[in-house]
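Engineer: Quick check, what structure comes out for this input:
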Amino acid sequence: MTKYKPILHGDELAAAITAEADATFARSGKFARRARKRAKQTEAVRKAKARARAKEWRSKNDGQGRPETVDVAMAMLRSFLRQFAIDETFATAMNKQEQNLIAGMLLDLLKQGYSQDQIVLVCKRYCQRVDADDAIQGVVNDE
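Structural biologist: Model (predicted):
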């Protein structure tokens, strides 16, 4: 006759698994490590450590010369805006892909709840700033 193991549940099952693991995978000697209990940190300490890690990460990236995503995106926008002046001829000067790019940007901002009139005003204001920056760079480079 075959002897069957009883079906265990809950705490009994957990205790049986632990006992079997201890018997099968026992460790001893200098390589055995004991789990150390960590003290609970306050919310303020946890947030301060996270800010410190973020500052370290940003500093390391700056040291490597790695731009942030927003810097790359703004450089792409400035490059695109330098090609066209936002006025009545803005839409006619672009090819279909460039028009799709602007339409995608506009739709994305509209989905986020921004007003189309305000988006256009911001784009025009940014174009003026890019033009002014280019003029300053031209003066600096000519000297």
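Engineer: and the next element down the chain from the strand or helix carrying A15?
Structural biologist: Assigned by DSSP states H and E, A15 belongs to helix 10-24. Going down the chain from helix 10-24, the next helix or strand is helix 43-64, by DSSP H and E.
Engineer: Give me the distance from that next one to the chain's centre.
Structural biologist: Here helix 43-64 shows a centroid-to-chain-centroid distance of 14 Å under the convention CA atoms, centre = their mean, to the nearest Å.
Engineer: Alpha carbons of that helix, in PDB - could you do that?
Structural biologist: Extracted as PDB, the C-alpha positions of helix 43-64 are listed here (Å, rounded to 0.1, in the frame of the first residue of the first chain):
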ATOM      1  CA  GLU A  43       8.900  59.500   4.200                       C
ATOM      2  CA  ALA A  44      11.100  62.700   4.300                       C
ATOM      3  CA  VAL A  45      14.300  60.600   4.400                       C
ATOM      4  CA  ARG A  46      13.200  58.400   1.600                       C
ATOM      5  CA  LYS A  47      12.300  61.400  -0.600                       C
ATOM      6  CA  ALA A  48      15.600  63.200   0.300                       C
ATOM      7  CA  LYS A  49      17.600  60.100  -0.800                       C
ATOM      8  CA  ALA A  50      15.700  59.900  -4.000                       C
ATOM      9  CA  ARG A  51      16.400  63.500  -4.700                       C
ATOM     10  CA  ALA A  52      20.100  62.900  -4.000                       C
ATOM     11  CA  ARG A  53      20.200  59.900  -6.400                       C
ATOM     12  CA  ALA A  54      18.500  62.000  -9.100                       C
ATOM     13  CA  LYS A  55      21.100  64.800  -8.600                       C
ATOM     14  CA  GLU A  56      23.900  62.300  -8.800                       C
ATOM     15  CA  TRP A  57      22.500  60.800 -12.000                       C
ATOM     16  CA  ARG A  58      22.000  64.300 -13.600                       C
ATOM     17  CA  SER A  59      25.500  65.300 -12.600                       C
ATOM     18  CA  LYS A  60      27.000  62.100 -14.100                       C
ATOM     19  CA  ASN A  61      25.100  62.700 -17.300                       C
ATOM     20  CA  ASP A  62      26.300  66.300 -17.500                       C
ATOM     21  CA  GLY A  63      29.900  65.100 -17.000                       C
ATOM     22  CA  GLN A  64      29.500  62.700 -19.900                       C
END
